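S.K.: My questions are about this predicted structure, shown below with the sequence.
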Amino acid sequence: MQKVQLGNSDLHVTKVCLGTMTWGEQNTEAQAHSQLDYAYERGINFIDTAEMYPVMARAETQGSTERYIGTWLKKTGLRDKVVIATKAAGPNASVTWIRGGRARNFDAANLKAAVDTSLQRLQIEHIDLYQLHWPSRNVPIFGNNVFHPKQERDCVAIEETLAALGDLVKAGKIGAIGVSNESCWGVNEFIKQSEMKDLPRIATIQNLYNLTARHYETSLLDETCYRENVSLLAYSPLAFGQLTGKYHDDPKAHGRLTVFPPTWSPRYLRPATVAATARYVQLARDNGLTPTQLALAWCYSRWFVASTIIGATSLEQLKHNIDAYDIVLPLDVIKQVDQIHAEITNPGQ
């Protein structure tokens with residue numbers, strides 16, 4: 001499988017990344033290990049996780065995903081063969097249990113605590129790519145699309161966060177750094193501060209990107225990240241399973257959108273998202289593709305996507321997701337995708 005360099009780092013990763021956020025909630029440790037085995041056998045060398053996983057976030061399961069990866073690494077001895085990425089949780093009033101209930105933010109004390117506990121759970125000495133899961137400051141994310149100045153809150157300055165990450169790099173605990181759920185302004189500010197203060201430079205941005213959520217293309221993030229050499233790691237390429245067509249075929253199908261409360265992922269249940277999905281499902285089937293193949297082949301083929309993060313709850317799903325990497329979408333199909341997007345623009349953003 002093709003590998004790409006992440007930003008200006010020395011990391012070279014496969015164009016497909018194994019996502020893990022269901023492990024510990026929808027998947028057992030044995031199932032997680034089976035997925036890791038299979039992905040590695042297929043040539044995937046990139047694994048993405050987070051300290052808050054699995055989802056839905058609960059105190060009883062928090063950290064299980066990293067622990068499952070850690071036991072697999074210890075069992076297989078493959079640490080030097082894979083790139084491990086994890087993330088530090090940002091401020092969230094509803095998640096009070098991470099890091100012993102301390103006020104979570106991106107200051108030196110919190111980042112050191114987050115890195116140290118992730119290292120312990122992963123049973124490794126060095127995290128290859130360390131990411132900030134969501135911004136410290138007020139930013140519209142996770143389905144909120146409008147910036148509201150009245151929602152401003154206390155936050156840690158980006159300069160301070162970069163300095164703390166720099167100390168962790170010097171200590172050998174982390175390597176490259178990245179952001180997630182970031183804006184164009186945020187990317188530029190991280191780069192400006194790193195250049196002004198000789199601090200670590202972000203290599204990646206992990207943001208939402210799928211057929212129903214193409215905001216990355218229209219928010220100037222694509223140009224910014226291209227010119228500043230920041231690599232996009234596209235998450236949720238199947239819109240929490242909506243773009244597989246299974247909920248289109250059976251609204252009560254078992255999965256995240258039916259197992260978890262509707263308030264957890266409302267953007268993928270919006271009428272416009274459901275309507276757009278129906279169009280994409282029909283387009284795929286009219287062209288001899290499964291909806292999953294259309295959705296993933298789209299992400300895999302975009303010039304600005306460095307690596308697409310795929311998650312699965314079964315080996316069958318994982319195989320299908322990886323196999324889609326070899327599909328080349330005809331130009332006519334791409335034009336029809338763009339037509340649907342023009343008519344129902346970013347309903348899942």
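M.R.: Right, received. Where do you want to start? Numbers count the residues shown, from 1 in each chain.
S.K.: Can you list the residue ranges for helices in this protein?
M.R.: 29-41, 64-76, 108-122, 158-170, 184-197, 215-218, 221-228, 246-249, 256-259, 271-286, 291-301, 315-323, 331-343 (DSSP state H).
S.K.: got the contact list for Lys246?
M.R.: Neighbour list for Lys246: Ala253, Gly255 [criterion: CB atoms under 8 Å, 6 or more residues apart in numbering]. (Glycine included, C-beta is placed from N, CA and C.)
S.K.: Give the full set of residues in contact with the residue most central in space within the chain.
M.R.: Nearest to the geometric centre of the chain sits Tyr235, at 3.7 Å (CA atoms, centre = their mean). By CB under 8 Å, 6+ apart, Tyr235 lies in contact with Gly19, Ser180, Gln206, Asn207, Leu208, Tyr209, Ile309.
S.K.: Just the closest of those to Gly348, please.
M.R.: Closest approach between the contacts of Tyr235 and Gly348, by CB to CB: Leu208, at 8.1 Å.
S.K.: how about the nearest residue to that closest one, chain neighbours excluded?
M.R.: Ser236 (5.4 Å; CB to CB, 6 or more residues apart in numbering).
S.K.: State the distance from that neighbour to Glu343.
M.R.: Between Ser236 and Glu343 the computed distance is 22 Å (CB to CB, to the nearest Å).
S.K.: ok, the two, which is more surrounded?
M.R.: Comparing Ser236 with Glu343 by other CB atoms under 10 Å, the one with more neighbours is Ser236, at 26 against 10.
S.K.: residues in contact with the more buried one?
M.R.: Contacts of Ser236 by CB under 8 Å, 6+ apart are Leu208, Tyr209, Asn210, Ala213, Ile309.
S.K.: Ramachandran angles for it?
M.R.: Ser236 adopts backbone torsions of phi 60, psi 50, taken as degrees, to the nearest 10.
S.K.: The residue nearest to Leu129 when sequence neighbours are not counted: what's it in contact with?
M.R.: Nearest residue to Leu129, sequence neighbours excluded (CB to CB, 6+ apart): Ala85, at 3.8 Å. By CB under 8 Å, 6+ apart, the contact list for Ala85 reads Cys17, Phe46, Ile47, Asp48, Thr49, Ile127, Asp128, Leu129, Tyr130, Gln131, Gly178, Leu233.
S.K.: if we look at the sheet, which residues does Ala85 bridge to?
M.R.: Asp48, Leu129 (DSSP bridges).
S.K.: That one and Tyr268: what is the separation?
M.R.: Plainly put, Ala85 is 24 Å away from Tyr268 if you go by CB to CB.
S.K.: Please report how far the residue nearest to Leu129 lies from Asp326.
M.R.: On the measure of CB to CB, Ala85 and Asp326 end up 24 Å apart.
S.K.: cool, Val55 as well?
M.R.: 29 Å.
S.K.: Of those two, give the one with the bigger neighbour count.
M.R.: Using other CB under 10 Å as the criterion, Val55 and Asp326 rank with Val55 on top: 19 against 10.
S.K.: isn't the more buried one right up against Thr20?
M.R.: No. Applying CB atoms under 8 Å as the test, Val55 and Thr20 come out as separate, 10.4 Å apart.
S.K.: Give the burial count for the closest residue to Gly311 other than its chain neighbours, as a bare number.
M.R.: Leaving aside its chain neighbours, Gly311 sits nearest to Gly19 (3.6 Å; criterion: CB to CB, 6+ apart). Neighbours of Gly19 under the rule other CB under 10 Å: 25.
S.K.: What residues are bridge-paired with Gly19?
M.R.: As for beta bridges, Gly19 partners with Asp48 under DSSP bridges.
S.K.: what sits against Ile309?
M.R.: So Ile309 contacts Cys17, Leu18, Gly19, Asp48, Gln206, Leu233, Ala234, Tyr235, Ser236, Pro237 (CB under 8 Å, 6+ apart).
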